[in-house]
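In: Prediction below, plus the sequence it came from.
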Amino acid sequence: MKQNMATPMELRCWGSDWGLPSVHTESLIVLAYAKFSGAKVTVSPIDWTWKTLTATVPELVCGESTVTEPTQILNFMRKQRFNADYELTARQGADTMAYIALLEEKLRPALLHTFWVDAENYANLTRPWFASRSPFPLNFLVPRRHANMALSRILLTKGEAPLHRITEVEGKIYSDAKECLNLLSYRLGTANYFFGNSPASLDAFVFGFVAPLHKAGLPSSPLQSHLRQLANLTRFCDNILSVYFSSSHPGKPRPPPPVQETVDANLQKLTQLVNKESNLIEKMDDNLRSSPQHKPHRPDPKSSLANEKSSTPA
Amino acid sequence: MSLAAEAFVSQMAAAEPWPENATLYQPLKEDQILLSDCASSLAVQTYLRMCGLPVQVACRANAEYMSPSGKVPFVHVGNQVVSELGPIVQFTKAKGHSLSDGLDDVQRAEMKAYMELVNNMLLTAELYIQWCDDATASEISRPRYSSPYSWPLNHILAYQKQWEVRRKMNAIGWGGKTLEQVCRIRSAFATSSAQFFFQPTELDALVFGHLFTILTTRLTSTELAERIKSYSNLLSFCRRIEQSYFEDKILSVSLSLFIPSLIPSL
Amino acid sequence: MGTVHARSLDPLPMHGPELGVHADDIDTPEIEQDSKQEVLENKDVVVQRVHIDGLGRTKEDLLTYEIADVFQAKNLIDVMKKSHEARQKLLRLGIFRKVEVVIDTSQGVDALPNGLDVTFEVTELRRMTGSYNTMVGNNEGSMVLGLKLPNLLGRAEKLTFQFSYGTKETSYGLSFFKPQPGHFERNVSVNLYKVTGQFPWSSLRETDRGISTELTFPLWKTNQTLKWEGVWRELGCLARTASFAVREESGHSLKSSLSHAMVIDTRNSSILPRKGGLLKIHQELAGYTGGDASFLKEDFELQLNRTLFWDSVLSASLWGGLLLPIGDKPTCIADRFYLGGPTSIRGFSMYSMGPQSEGDYLGGEAYWAGGLHVYTPLPFRPGRGGFGDLFRTHFFLNAGNLCNLNYGEGPQAHLKKLAECIRWSYGVGIVLRLGNIARLELNYCIPMGVQSGDRICDGVQFGAGIRFL
């Protein structure tokens, strides 16, 4: 076992920029988890190599074995005794799986669209970045290939008949993504991490998905502006960056001191109101409910986000 | 549809009460319906029963093509047509019937996350087993799917559907999985699921739909059903829902009759 | 003796000098002129040889039928007439670009003194030709790209590929045509096609992929066609707001049908005829050769024209049809009849008559429609002799009805239903003839007998198409 821990692990991923250790979501997930669990991983960016075209990113090489895909890599690390989840209860483990499914289903299509399909963002940010990190002549091929894969992924999973074109799907995926961000914000509340005071794999996933959206300089993104309004999510990303990825903490991370943020109640209420954008229907419901033919179903307006959710009995 | 249009439609929807002749459409029960469609349909029926909304079930060979989103089941309420559990839940909410109103935001967030998990795990796994496993696809899924059509249309449609599903599986990264991995995922989910909230919600309807369908289909190998049965809390959950909402309907008998064997030996 | 080139389609002249004798021959002395006159004036001749020069891939046995008649000519006038007819026959095969007839006296050893050699100098069409057209169909326009391979195997077979991109539909098709050697009117054709159409009056979108084989042959005075067709039909809603009745029709179905059509056409032209009549009877039986759809469909078209005084033409037409489902499955919306629009009952919107559900027209299983027109030249005859001749004014009266067959009531009840609540309209308009293919109309219509649910187009209505009531 000790021998396994000593075997160096090398992670191939996309390089860093925009204040993040990597601009690629999956790579970020693995990097964050590595930091959380204390695994020593050598980062070798594939920028400017031919691996930009050939390799599946991220890729973890440990001795003889190679593992791809974030879920597999995380499992592998767990087997190597780098486990950030050992403190979680069974229920929290199930929650993790659920939220990861939510991220994949609701947030990923919109992120793919923002970075790879939206013409302005693609031309001004994504393509130049990826083209500049690929050797000639791959700089013409690599961005195009990623964009095509992104588009086909969105259309295949979301563009079921009769929505065959990307314009018809756009509205739906963005409203789903905004709702997903809202749900994450509710779940996070005022805590630093999703489960208690130390980060786990769910934090790594959320960080990987949300941080590029937060930090990238996108010329036009309604999704980014929506994210900026969810202060706890942006704070979550910044917190992880400062604690685990700043140059002053190169080695094993210390658990951060418990942060008790003073919450501005008015700002929270404002955030709440703005978050209701994606629940427009419910707002109209309220108006209609006041008509006599409907029994009132709705309870009182929501309690503030200050309470952490306590689990209900099964 | 844009957000404003959706809001308008739901405003129209909210204006009328739930009619008596609301109908749910699904593929033909005896010969055509597949495991995944049956589970989705049962989930919607359970949800509507939980809300106390009456609905008749009609079987059509072209239900999948009638549906506005291409997925079954769908409900025809008044002059509105809504398909899939998510939009149906929204639609009934607009009419003033909702099961998840008692939940606070965090609980609702969890519920939505778990619904995605069920879709991601169970539904995708069912689709994978039905269409990406060659044995199942050729022995069961293709013949059943194309049974209402005559030659050569039946082969064309069955292969077309199989190709579409495989493409989608590849796109989301399930293409390389084997049957065993998929079953393992399903049982992993089964271990972690339980009834979550003290009041039944749409999540329970969804889980019940899938679990009940798996339990009551006559399988060539009962491994998966046995594994689910070994979790007594799941069994009692299914029994509870069945007794509360389906006592007037001969649900278990009809279900076990119509799907002879959908899953080959694992 | 000089050579005679018969090239033009002008009526054959009866006098010698007007035969278009070659310029060189005019220099011959007077005496020879007399001898030529003798030959030309109905002297008996024998056609000894008929050649065809310039053949490439065309097989000779195909052409022997067309030119066989020339051998039977007895005098020179006859020879010229028969060679002209043979030339027409060769041209209608569609494999030659140019055919020239050369009649000469026989040369050679066994030449008779009154023997003649007739030579057809032909230029074959190229192996492959492309074309680009714009087409006007029934109220829609489209761009058509075509690829034609004439005379594919040497016996006037033709392979055509067409791609049509239109305002409402996109389609492509591959077609193979083979006439019977010697009897061009008997032919076989095989078609493969994919056609997509949009029908906003029913909120329906239809995609047909099919294969059909057709056998055409003349019988006495009629033209008969037998056809087998297999079509994979895919129906879908055009919009989310489509009515539920249309939504119920969505999906796939397979139609395999045998049909027969008989046409008698004695008109002098198919667009704006001045005399003659047309009778077309068509029946289709589906379901006995496989497929999902099962029905018997009958429809007929009758048109009679007569010239009245002062260059005006009276035209009467009658259409009717019946669709009987066989078995207990109801009829499909794609098989039913539709009525209304600038090409049938003017004054009503396109196909917007009869049974409907929430604004979507479902078509009917039985219909009849009749029209009475008087065509006159434009008032004051502007542009006479030229462009103005393409226009006509017409006064019209259209009537018709469409209904479904709900069994149990018997045929008497259906006839009664078709006879009551008749929709009709009258008006005046201008017709423009486009070549020999299509016609444009601009009418002022007054619809009457409008039933609830019909959509009308009161006032000015524009129509373009090939087949008008």
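Out: Cool, got the structure. Residues are numbered from 1 along each chain as shown, chains lettered A, B, ... in the order given.
In: Excluding chain neighbours, give the residue nearest to C:Phe71 in space.
Out: Nearest in space to C:Phe71, with sequence neighbours left out and distances taken as CB to CB, 6 or more residues apart in numbering or on different chains, is C:Val47 at 5.3 Å. Heads up, the C-betas are built off the backbone N, CA and C, glycines and all.
In: Now do the SS call for the one you found.
Out: Of the three states, C:Val47 takes strand under DSSP: H, G, I helix; E, B strand; the rest coil.
In: Does it touch C:Leu112 like I think?
Out: No - in terms of CB atoms under 8 Å, C:Val47 does not count as a neighbour of C:Leu112; the distance is 10.1 Å.
In: if we can go back for a sec, and the residue nearest to C:Phe71, how close does it get to C:Val101?
Out: Using CB to CB, to the nearest Å, C:Val47 is found at 12 Å from C:Val101.
In: Show me the beta-bridge partners of the closest residue to C:Leu434 other than its chain neighbours.
Out: Once flanking residues are discounted, C:Leu434 sits nearest to C:Leu440: 6.4 Å by CB to CB, 6+ apart. Listed beta-bridge partners, C:Leu440: C:Leu432, C:Ala464 (assigned using DSSP bridges).
In: what about C:Leu440, how many neighbours?
Out: If you count neighbours by other CB atoms under 10 Å in any protein chain shown, C:Leu440 ends up with 17.
In: contacting residues for the residue nearest to the spatial centre of chain A?
Out: The structure's chain A has its C-alpha centroid closest to A:Phe209; by CA atoms, centre = their mean the separation is 1.8 Å. Shown in contact with A:Phe209 (CB atoms under 8 Å, 6 or more residues apart in numbering or on different chains): A:25, A:29, A:103, A:107-108, A:111.
In: Scan those residues and report the most crowded one.
Out: Highest count within the contacts of A:Phe209 by other CB under 10 Å belongs to A:Ile29, 27 neighbours.
In: Let me know the distance separating it from A:Ala211.
Out: Between A:Ile29 and A:Ala211 the distance, using CB to CB, works out to 10 Å.
In: One more: B:Ala137?
Out: Distance, B:Ala137 to A:Ala211, by CB to CB: 41 Å.
In: Tell me which of these two has more neighbours.
Out: Legend: neighbour count by other CB under 10 Å for B:Ala137 and A:Ala211, higher for A:Ala211 (28 against 21).
In: which residue sits closest to the more buried one, ignoring its sequence neighbours?
Out: Of all residues not flanking A:Ala211 in the chain, A:Cys237 sits nearest, at 4.7 Å (CB to CB, 6+ apart).
In: Now do the one you found: how many residues are near it, please.
Out: When neighbours are counted by other CB under 10 Å, A:Cys237 registers 20.
In: tell me what the helix or strand where it lies is packed against?
Out: Assignment of secondary structure by DSSP states H and E places A:Cys237 within helix A:231-244. Identification of packing neighbours for helix A:231-244 by 3 or more CB pairs under 8 Å, 6 or more residues apart in numbering or on different chains; DSSP states H and E yields helix A:25-37, helix A:166-188, helix A:201-215, helix A:222-229.
In: export these to TSV and tack on mean pLDDT?
Out: Converted to TSV, the helices and strands packed on helix A:231-244 look like this (pLDDT from 0 to 100):
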stretch	mean pLDDT
helix A:25-37	87
helix A:166-188	83
helix A:201-215	89
helix A:222-229	88
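In: Between these, which one is closest to C:Met143.
Out: Between C:Met143 and those, the shortest separation by CB to CB is 25.1 Å, and it involves helix A:166-188.
In: What does C:Ile326 show for phi and psi?
Out: Dihedral angles phi and psi of C:Ile326 (degrees, to the nearest 10) take the values phi -110, psi 130.
In: That one: neighbouring residues, count only.
Out: One way to gauge burial is a neighbour count; for C:Ile326, by other CB under 10 Å, it gives 14.
In: what's the closest non-adjacent residue to it?
Out: Closest residue to C:Ile326 apart from its sequence neighbours, by CB to CB, 6+ apart: C:Ser294 at 4.6 Å.
In: Against chain B, how distant is the one you found?
Out: C:Ser294 sits at a distance of 11 Å from chain B (criterion: CB to the nearest CB, to the nearest Å).
In: And for A:Ala204?
Out: Using CB to the nearest CB, we find A:Ala204 at a distance of 16 Å from chain B.
In: I'd assumed A:Glu105 was in contact with A:Glu179.
Out: No - with contact taken as CB under 8 Å, A:Glu179 and A:Glu105 are classed as non-touching, separated by 11.2 Å.
In: which one of those two has more residues nearby?
Out: The neighbour count for A:Glu179 versus A:Glu105, taken as other CB under 10 Å, is higher for A:Glu105 (22 against 19).
In: Identify the residue nearest the more buried one in space, chain neighbours excluded?
Out: Distance criterion CB to CB, 6+ apart; nearest residue to A:Glu105, sequence neighbours excluded, is B:Glu116 at 4.7 Å.
In: ok, that neighbour - contacts?
Out: The neighbours of B:Glu116, taking CB under 8 Å, 6+ apart as the test, are A:98, A:101-102, A:104-106.
In: What about residue 235, how many residues nearby?
Out: With no chain named, the answer covers chain A. What A:Arg235 shows, counting by other CB under 10 Å, is a neighbour count of 15.
In: not what I meant, chain B
Out: If you count neighbours by other CB under 10 Å, B:Leu235 ends up with 14.
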